[in-house]
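Chemist: Have a look at this fold, sequence not included:
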């Protein structure tokens, strides 16, 4: 068994049955993805569209690709035809664009609403207020080619795990608010993507249904020499 296969087995052994592992393969070579695939992993997360496009034709067709990084408007058209889920929908403008591109090929795209839960301003995301006002609720109702499946959030990069726990709890609260006010009739709205290599166990305790884990699967990213 390879190190990657062993890592996947170890992580899966710690996940409840209802929690899915998204193996974050950003910066990792195709061979690493194939090793994970051979170990039974099918769901992979990438941050950058260009990197994803360079990998997808060199791996098995049944891999489920999730875009988890900030999505630029001019890149939407390249991933809409094949992406399994866009986890990082952080504005109504982006949501409308995904819907428009998807309508052109008659395909419904699964999406998560990225909510800003961290103390860092550099992170992207909706506020709960803009999603639950009258205009926001109306916007969601007009998206015929976007399937809103839940929420995603990134906690503050900190060693203060009490803060991380509060932020994850807030994301779960936002999920409940949206479920009750905007998606009460949708059986698709059920995902809470939160938790990475350093905090996924806290996220699971807070109600995560998807964890995005990279370094614990593939090893630490090798830094380029200056």
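Modeler: Structure received. Computed from a prediction, not measured in an experiment: that's the story for all the values here.

Chemist: in this protein, which helix or strand is least confident?
Modeler: helix 134-141 (a mean of 84; mean pLDDT, DSSP states H and E).

Chemist: and it, what does it pack onto?
Modeler: Identification of packing neighbours for helix 134-141 by 3 or more Cβ pairs under 8 Å, 6 or more residues apart in numbering; DSSP states H and E yields helix 92-104, helix 128-132. Using the backbone N, CA and C atoms, a C-beta is placed for each residue, glycine as well.

Chemist: what ranges of this structure fall below the confidence cut-off?
Modeler: For the chain, the stretches with pLDDT under 70 are 1, 221-226.

Chemist: Name the residue closest to the centre of it, please.
Modeler: residue 87 (3.5 Å; Cα atoms, centre = their mean).

Chemist: Next, the buried residues of the longest helix along the chain.
Modeler: Longest helix in the chain by number of residues, with DSSP state H as the criterion: helix 161-181. Applying a neighbour-count criterion of 16 or more other Cβ atoms under 10 Å, one finds 164-165, 167-168, 170-172, 174-175, 178 buried in helix 161-181.

Chemist: Go through those and name the one nearest residue 136.
Modeler: residue 178 (9.6 Å; Cβ to Cβ).

Chemist: Check whether the closest one really touches residue 131, as I assumed.
Modeler: Yes. At 6.4 Å, residue 178 counts as touching residue 131 under the criterion of Cβ atoms under 8 Å.

Chemist: and residue 204, that's in a strand?
Modeler: No. Counting by DSSP: H, G, I helix; E, B strand; the rest coil, residue 204 falls outside a strand, being helix.

Chemist: tell me the contacts of it?
Modeler: When contacts are counted by Cβ atoms under 8 Å, 6 or more residues apart in numbering, residue 204 touches 15-16, 19, 195, 211.
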